[in-house]
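**Q** Have a look at this fold, sequence not included:
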């Protein structure tokens, strides 16, 4: 059992001069790896969810920014930084909700400005090094999140999770799934209800795959079944990830998270969010300010080649919703579990 | 506009000596009609959801019972009624949750007992006549439900519905959808959010098809999106059907109904159930006693030929949940809108 955690799959890797990703659109049917050498294909991979999950998007964007600037002319810093900003803005446009994307590009831009007196060839090396650091840090952060969250998990508990928050969604280990992996490793014997997570089925395709690889018992359910299970007392705790957390603790996460939180409160079930501190965006006072991505209606109207709605039918496909902080019992981070009031505790944390 | 209601599709028809059903498993891609001449194929059609919806199941079972007894020997009433009971029990086993199935078979059995002194050939005629009466009554009842519910629908309202409760689910018109059809016919201009209704997608396949045929504006959403829309104020009223209603007003309906009701209450949105009185089962004191069908996990693990979960993954597939009566603002029936306390009002109604 204990070796499962460290042999977990790598969703993204830097290989000498390019990025290799596990293309998640083929899972669970096939494990297809793609080598990516230019920023355009990184953008496409993020947009099309070949790589997904807020932390993994940040890592991909960091490497993507390097790929986008590595061949720029090296004569003038002023024209170099203009191009860096252009490439960063392009990457940030791939998906609007996860703050980790712009967090990663902003971090690299700050690093560049801090080294503006160096040769541009040297700055390029520093950019790649920063991307690798973001990647390595994310693995360590996710491990800490897992370790910090384990105390919340009762022995032999039935947990429920939504979307995918595992190694596939991060540098390694995951966020909410990292807690579950660590609880399993410590012999707590968790059982997991996996929301399938329509429309793109990250739960049944990806979370189920990761849990089965780790030999953690689980069953897939339709997203609509969570309420019945909660009411029957078959869910002891809910744990999800986050794409962006506002300054008051409101959480933007995969569509369907808000209903789970309301049902959890109604049935007196603890509801926890696991996320790195980089997911907290103090520039957003409340969740109402977080931009929520709306995706193509085709994702709802067709599945693979099957037509599942009438021709010319229209669909509305919001990819995220916002869970008000009042429904959240705690946010598990690499620095420990943050409890309400989130607003006060975030301020204390970020002002230190 | 006004002719849409009466030209609505017929999900089931009696044709001289057999039943013709519109096989709903092929919708919306193809309109396939099946002629059924024996009780075994009626059972299979109910089991496999070729015909579905609580009232339509009752009608199909009534015709199915006739098909199952029409060729029985005509010498002894005692051996005839034993066989009738056997065929009825067989049909009732096809799907356990909708009470309309056993309501229909029980009604025919009572009729048979009332005519036990007649020739068995005559009794057989009476059985067919009773099945036709159940069918005709359902059409009239559904029309009355639609007419009775219209007063609840504000002008230009955004309504949300779940699963399919239209002509496909009943003799004609539907229950919750009958209210929507009538509101549309009266010029109230409703807009409908259609929950896709996993796993079998009765919303996106069937409700969307019926609404488009009636030229009522609608958009399909994933079941998980309903919460976001409610919180944003984009849902004025929720209306669903019912498979069985307990004596205290608890409602068993398609999985996902209970979450909608909790979210509606949380967001102060009226939540109504539309159903014929035959759906009320006074033998069940509360919803906890209602048997809830669990279906094959394959419905979640695969879609058409596409593998949407890892090989050997397991799923749990409850087809119904129970919404406690406290979340329900009213039940629209052919006799009018029943308000809480349902227990008291049901008793008054059924004791009259």
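**A** Perfect, I can see it now. Note that this is a predicted model, so its numbers are computed, not measured. Numbers count the residues shown, from 1 in each chain, chains lettered A, B, ... in the order given.
**Q** what's the span of stretch A:220-238 from first residue to last?
**A** Using Cα to Cα, to the nearest Å, the end-to-end distance of stretch A:220-238 comes to 15 Å.
**Q** Please apply the same query to stretch A:327-345.
**A** Across stretch A:327-345, the terminal residues are separated by 16 Å (Cα to Cα).
**Q** Kindly report the same for stretch A:154-170.
**A** By Cα to Cα, the extent of stretch A:154-170 from end to end equals 25 Å.
**Q** pLDDT of it, averaged?
**A** For stretch A:154-170, the mean pLDDT works out to 97.
**Q** buried set for that stretch?
**A** With burial defined by 16 or more other Cβ atoms under 10 Å in any protein chain shown, the residues of stretch A:154-170 counted as buried are A:157-170. (C-beta placed from N, C-alpha, C; glycine too.)
**Q** How far away from the center of its chain is it?
**A** Remark: stretch A:154-170 is offset 13 Å from the chain centroid, using Cα atoms, centre = their mean, to the nearest Å.
**Q** next one: stretch A:94-110
**A** With Cα atoms, centre = their mean as the basis, stretch A:94-110 stands 13 Å off its chain's centre.
**Q** Can it be said to contact chain B?
**A** No: counting by Cβ under 8 Å from any Cβ of the partner chain, chain B has no neighbours in stretch A:94-110; the shortest distance is 12.5 Å.
**Q** what's stretch A:275-284 in contact with?
**A** Contacts with stretch A:275-284, where a contact means Cβ atoms under 8 Å, 6 or more residues apart in numbering or on different chains, come from A:54-55, A:58, A:98-100, A:103, A:138, A:141-142, A:145, A:175, A:241-247, A:251, A:290, A:331-335, A:346, A:349-350.
**Q** what helix or strand does residue A:230 sit in?
**A** Applying DSSP states H and E as the criterion places residue A:230 in helix A:226-231.
**Q** cool, residue A:34 as well?
**A** Using DSSP H and E, the secondary-structure element containing residue A:34 is strand A:33-36.
**Q** sorry, back to before: of the contacts of stretch A:275-284, buried ones?
**A** Judged by neighbour count, with 16+ other Cβ under 10 Å as the criterion, the buried members of the contacts of stretch A:275-284 are A:54-55, A:58, A:98-100, A:103, A:138, A:141-142, A:145, A:175, A:241-247, A:251, A:290, A:331-334, A:346, A:349.
**Q** Just the ones in helices from those residues, please.
**A** Counting by DSSP state H, the part of these found in helices is A:54-55, A:58, A:99-100, A:103, A:138, A:141-142, A:145, A:346, A:349.
**Q** returning to what we had before: after the strand holding residue A:34, which helix or strand is next?
**A** On the C-terminal side of strand A:33-36, the nearest following helix or strand under DSSP H and E is helix A:39-47.
**Q** Looking at that next one now, give me its mean pLDDT.
**A** Across helix A:39-47, pLDDT averages out at 98.
**Q** what residue ranges in chain A score low on pLDDT?
**A** Applying pLDDT under 70 to the predicted model, the residue ranges of chain A that meet it are A:1-8, A:352.
**Q** where do the helices sit along the stretch 251-352 of chain A?
**A** Using DSSP state H, counting those that start in this stretch, the helices of the stretch 251-352 of chain A run over A:257-266, A:298-301, A:342-351.
**Q** where exactly do the strands run in the stretch 151-300 of chain A?
**A** Shown for the stretch 151-300 of chain A, the strands assigned by DSSP state E, counting those that start in this stretch span residues A:158-161, A:191-195, A:218-221, A:237-240, A:244-246, A:251-254, A:271-274, A:280-281.
**Q** Could you export those as CSV, including distance to residue A:181?
**A** As requested, those are arranged in CSV below (distance: least, Cβ to Cβ, whole Å):
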stretch, distance to residue A:181
strand A:158-161, 12
strand A:191-195, 11
strand A:218-221, 12
strand A:237-240, 12
strand A:244-246, 22
strand A:251-254, 19
strand A:271-274, 11
strand A:280-281, 23
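**Q** I'd like to know which of these lies nearest to residue A:79.
**A** With Cβ to Cβ, the closest approach to residue A:79 among those belongs to strand A:280-281: 30.6 Å.
**Q** is stretch A:141-161 anywhere near chain B?
**A** No: judged by Cβ under 8 Å from any Cβ, stretch A:141-161 makes no contact with chain B; its nearest approach is 11.4 Å.
**Q** ugh, wrong one, I meant stretch A:171-182
**A** No: for a cut-off given as Cβ under 8 Å from any Cβ, stretch A:171-182 has no contacts with chain B; the smallest distance is 15.0 Å.
**Q** end to end, how far does that stretch reach?
**A** Length of stretch A:171-182, first residue to last, Cα to Cα: 16 Å.
**Q** Figure out how far it is from the centre of its chain.
**A** With Cα atoms, centre = their mean as the basis, the distance from the averaged C-alpha position of stretch A:171-182 to the chain average is 11 Å.
**Q** Spatially, what comes nearest to the closest residue to chain B within the stretch 101-250 of chain A if we skip its sequence neighbours?
**A** For the stretch 101-250 of chain A, the residue closest to chain B is residue A:224, as judged by Cβ to the nearest Cβ, at 3.0 Å. Ranked by Cβ to Cβ, 6 or more residues apart in numbering or on different chains and with sequence neighbours excluded, the top spatial neighbour of residue A:224 is residue B:256, at 3.0 Å.
**Q** For the one you found, grab the count of nearby residues.
**A** Other residues near residue B:256 come to 29 when the count uses other Cβ atoms under 10 Å in any protein chain shown.
**Q** Wait, it touches residue B:195, no?
**A** Yes: using Cβ atoms under 8 Å as the test, residue B:256 is close enough to residue B:195 to be in contact (6.7 Å).
**Q** That's all I had, so thanks and see you.
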